[in-house]
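1. have a look; sequence and predicted model below, questions after that.
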Amino acid sequence: MKSKTTLVSLAVWLAAGAVCFAAGPYMGTWKLNAKKSKMGRGMGRNNTVMYEAGFFKTKVTVDGVDAKGKPTHSVWAGNFDGKDYPLTGDPDADVRSYTKTNDYNLEYEGQKAGEERRSLRQSLKIVEKLNS
């Protein structure tokens, strides 16, 4: 009995440690600083991006506006392992894969119904963090 309790406790501590150490500096809520942005007129933009660490997945919620000024909202949950995970709310993609290139850069690809993939790179230098 004592060894089972010890084993369960060890497993819980290891899982909690993995979640804590998996969190990167990008976790939290981020807001685009439009004054420092170099995006052209008539382009859509992500105004707020929220990264939430889950037990085994990261949830990414994006709110912004499209090129016509209509509000957008998309949600993705998965790991930063380069594998495709379902995406909701994005008219251009139904799956997305994120890859963490280092602590401050993420690359992601989106794909809709098997069409050609579109790739983007995201750097923390272009956004301003709201909450830790």
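-> Ah, there it is. Here the structure is a predicted model, which is why all the values come from computation and not from measurement. Numbers count the residues shown, from 1 in each chain.

2. quick one: the helices in the chain?
-> All helices of the chain, identified by DSSP state H, fall at 2-22.

3. got a list of what the residue most central in space within the chain touches?
-> Centrality entry for the chain: nearest residue to the mean C-alpha point is Val60, 3.8 Å, by Cα atoms, centre = their mean. Val60 is in contact with Val49, Met50, Tyr51, Glu52, Val75, Trp76, Ala77, Tyr98, counting by Cβ atoms under 8 Å, 6 or more residues apart in numbering. Glycine gets a C-beta too; all of them are placed from N, C-alpha and C.

4. again, but for Gly24
-> By Cβ under 8 Å, 6+ apart, the residues touching Gly24 are Lys100, Asp103.

5. mind checking pLDDT for the nearest residue to Phe56 once chain neighbours are set aside?
-> Nearest residue to Phe56 in three dimensions, chain neighbours excluded: Asn79, at 7.5 Å (Cβ to Cβ, 6 or more residues apart in numbering). Residue-level confidence at Asn79 comes out at 92, pLDDT.

6. so Asn79 makes contact with Phe55?
-> No: Asn79 is beyond contact range of Phe55, at 11.5 Å (criterion: Cβ atoms under 8 Å).

7. compare those two (neighbour count), which wins?
-> Asn79 (16 against 8; other Cβ atoms under 10 Å).

8. and Lys36, how far is that from Thr72?
-> Look at Lys36 and Thr72: by Cβ to Cβ, to the nearest Å, they are 21 Å apart.

9. I appreciate the help and will end here.
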